[in-house]
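Student: structure of the sequence below:
(4 chains)
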There are 2 protein chains.
Amino acid sequence: MALENPPGSAFLLAAVGAHAAARFAERVAELDLTPPQIGLLGLIAASPGQSQQAVAHVLGMPPSRLVGLVDALADRGLVERRRNPTDRRLHALHITDAGQAALGKIATIGREHDDALCRSLDSSERETLRTFLSRIAADQGLRPGIHPGYRTV
Amino acid sequence: MALENPPGSAFLLAAVGAHAAARFAERVAELDLTPPQIGLLGLIAASPGQSQQAVAHVLGMPPSRLVGLVDALADRGLVERRRNPTDRRLHALHITDAGQAALGKIATIGREHDDALCRSLDSSERETLRTFLSRIAADQGLRPGIHPGYRTV
DNA sequence: CCAGAACGATTACAAATCTGAACGATTACT
DNA sequence: AGTAATCGTTCAGATTTGTAATCGTTCTGG
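Tutor: The predicted structure is shown next:
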């Protein structure tokens, strides 16, 4: 793009959104976590006990890719793979206490990140922005809490 | 994330922005162009005659990466590498008539994309959204027309 | 009850992409 | 002239991401 004068909302959204994602990735790097790992951690916390395949389907990624992400979180003790006694094929994903603690830090970082990003908007304007973005997200079929573009950096 | 209730502006921005970028990539795929190529094409059109290294610096990408993008655009006849007679090291980048025509199509696609994305907002609300996003972009140091996150898809 | 199909997770493999260092050509400095 | 710096290019390495084959487990139909 870079050709519209003035730029349309879509271009601005993509540019500011990419900037927001990049800055968030920088902030959470100090926890040795990547955005995809954080997205997975949050999803497991929101709906625990799901099988890996179900999670992979929700996130729209191949199950083979999920294995590595779960491995990374499990190695740090943030999530657990529990075998389901009734169906020992599937691994139910659960969050640990350490995972909950990590989520707390992430939430704090997220709020700081939010404030830094929107510091040029007052409280009422931020609320309006959230309203518009939520409406677009709902209209476009984006499920709340799911990120289409969680890339590693 | 997927952990904030309700989600903050930054998360919404990243999610909606990634969605906008993905949908735009789908639309321009019918022109056999990727978003990075389009960003480069637009930049060359906006400031022609620049050297490749200067362009690479502006876009924040290594010069080695720019070579492939310029190759792709040059192979289709959308841009030209012209040797500067006074300094034959550098290749000045210029847009061709075919490149201008392609930009016209891209602008049309961009407007359609914009309308589709913001169809749940009325005209006044879209203007407000643009204002807020522009203010954030300026405050965050995003140069207009430059995309921090132009990935291949 | 048993054989085979179906399913979930994992591993191995392959394709695509980005980065960083080296190289040839050209120019600037002394 | 000659040495160092610059520009574009290319190449090898590393990082990701998707696809296909493997292994254990469970379900289904005789």
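
Student: pLDDT at the residue nearest to A:Arg76 when sequence neighbours are not counted, what is it?
Tutor: Among residues not flanking A:Arg76 along the chain, A:Ala98 sits closest, at 7.3 Å (C-beta to C-beta, 6 or more residues apart in numbering or on different chains). C-betas here are computed from N, CA, C, even on glycine. Model confidence at A:Ala98, given as pLDDT, is 97.

Student: so the residue nearest the centre of chain A: helix, strand or coil?
Tutor: Nearest residue to the geometric centre of chain A (C-alpha atoms, centre = their mean): A:Gly39, 3.2 Å. Three-state call for A:Gly39 (DSSP: H, G, I helix; E, B strand; the rest coil): helix.

Student: are the helix or strand containing A:Val28 and chain B in contact anywhere?
Tutor: Here A:Val28 sits within helix A:9-28, counting by DSSP states H and E. Yes. Counting by C-beta under 8 Å from any C-beta of the partner chain, chain B has neighbours in helix A:9-28: A:9-22, A:24.

Student: one step back: quick check: the residue nearest to A:Arg76 vs B:Leu78, distance?
Tutor: 53 Å (C-beta to C-beta, to the nearest Å).

Student: who has more neighbours out of those two?
Tutor: B:Leu78 (24 against 13; other C-beta atoms under 10 Å in any protein chain shown).

Student: so the more buried one sits right up against B:Ile38, yeah?
Tutor: No. With contact defined as C-beta atoms under 8 Å, B:Leu78 and B:Ile38 do not form a contacting pair (10.1 Å).

Student: near DNA strand C, which residues of chain A are found?
Tutor: A:51-54, A:56, A:63-64, A:66-67, A:70-71, A:81, A:89-91 (C-beta under 7 Å from any atom of the strand).

Student: of those residues, grab the buried ones for ChimeraX.
Tutor: Per 16 or more other C-beta atoms under 10 Å in any protein chain shown, the buried members of the residues of chain A next to DNA strand C correspond to this ChimeraX selection:
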select /A:51,52,56,66,70,90,91
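
Student: the residues of chain A next to DNA strand C in strands, which ones?
Tutor: Applying DSSP state E to these, the entries found in strands are A:81, A:91.

Student: the residues of chain A next to DNA strand C: which ones sit near DNA strand D?
Tutor: Answer for the residues of chain A next to DNA strand C near DNA strand D (C-beta under 7 Å from any atom of the strand): A:64, A:89.

Student: circling back: wait, the residue nearest to A:Arg76 touches A:Leu78, no?
Tutor: Yes. The criterion here is C-beta under 8 Å, and A:Ala98 meets it with A:Leu78 at 5.6 Å.

Student: where does chain A have low pLDDT?
Tutor: Within chain A, the segments meeting pLDDT under 70 span A:1-5, A:149-153.
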